[in-house]
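Enquirer: Okay, predicted coordinates and the sequence, questions at the end:
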Amino acid sequence: MPCSCIPSTIRWWSRRRWLACSTPSSYEGRRGHPAGFARTAWSALRLAPPDEGARAVLAAHPDWIVHVEGGPGCRAGINTPEDYRRLILETDSLQNG
């Protein structure tokens, strides 16, 4: 995820953390990364099936979600070093024109 997604999530929590249990960065209405979770959601996260994790909690509690607008990079799936390198190259090319 590009660094630009992180500050928007942190700013949201610092101003309104009491309004939601989860604040995923989003782009065009689709959840991305990072997501912040309020302490009130921690027990549900601990009880979530390990193979589903937070995804199961968010599916069970859609009313807990408040989307925080991020950029297109917050939707990037970064699961390998190659994914990360690809995202960095794409982000650099967008920023440098």
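Expert: On my side now, so go ahead.

Enquirer: quick one: the helices in this structure?
Expert: Assigned by DSSP state H, the helices in the chain fall at 5-16, 42-47, 54-60, 81-96.

Enquirer: Pull out the buried residues from the shortest one.
Expert: Along helix 42-47, these residues count as buried under the neighbour rule (16 or more other Cβ atoms under 10 Å): Ala44. Using the backbone N, CA and C atoms, a C-beta is placed for each residue, glycine as well.

Enquirer: shaky segments in this protein?
Expert: Along the chain, segments meeting pLDDT under 70 span 1-23, 34, 72, 91-97.

Enquirer: so where's the longest strand in it?
Expert: strand 30-37 (DSSP state E).

Enquirer: in its sheet, what does that one sit against?
Expert: Sheet partners assigned to strand 30-37 using DSSP bridges are listed as strand 22-27 (antiparallel).

Enquirer: Surely Ile78 touches Leu87?
Expert: Yes - here Ile78 reaches Leu87: they are 6.1 Å apart, a contact under Cβ atoms under 8 Å.

Enquirer: Ala41 and Asp63, how far apart?
Expert: Counting by Cβ to Cβ, to the nearest Å, the separation of Ala41 from Asp63 is 12 Å.

Enquirer: Would you mind telling me which of these two has more residues around it?
Expert: Ala41 (19 against 8; other Cβ atoms under 10 Å).

Enquirer: The more buried one against Val57, yeah?
Expert: Yes - using Cβ under 8 Å, Ala41 makes contact with Val57 at a distance of 6.6 Å.

Enquirer: ok, Gly53 - how many residues close by?
Expert: The number of residues packed near Gly53 is 11, by other Cβ under 10 Å.

Enquirer: Please name the nearest non-neighbouring residue to it.
Expert: Leu45 (7.4 Å; Cβ to Cβ, 6 or more residues apart in numbering).

Enquirer: Quick check: that neighbour touching Val57?
Expert: Yes - in this structure, Leu45 is within contact of Val57 by Cβ under 8 Å, at 5.6 Å.

Enquirer: Fine by me, thanks again.
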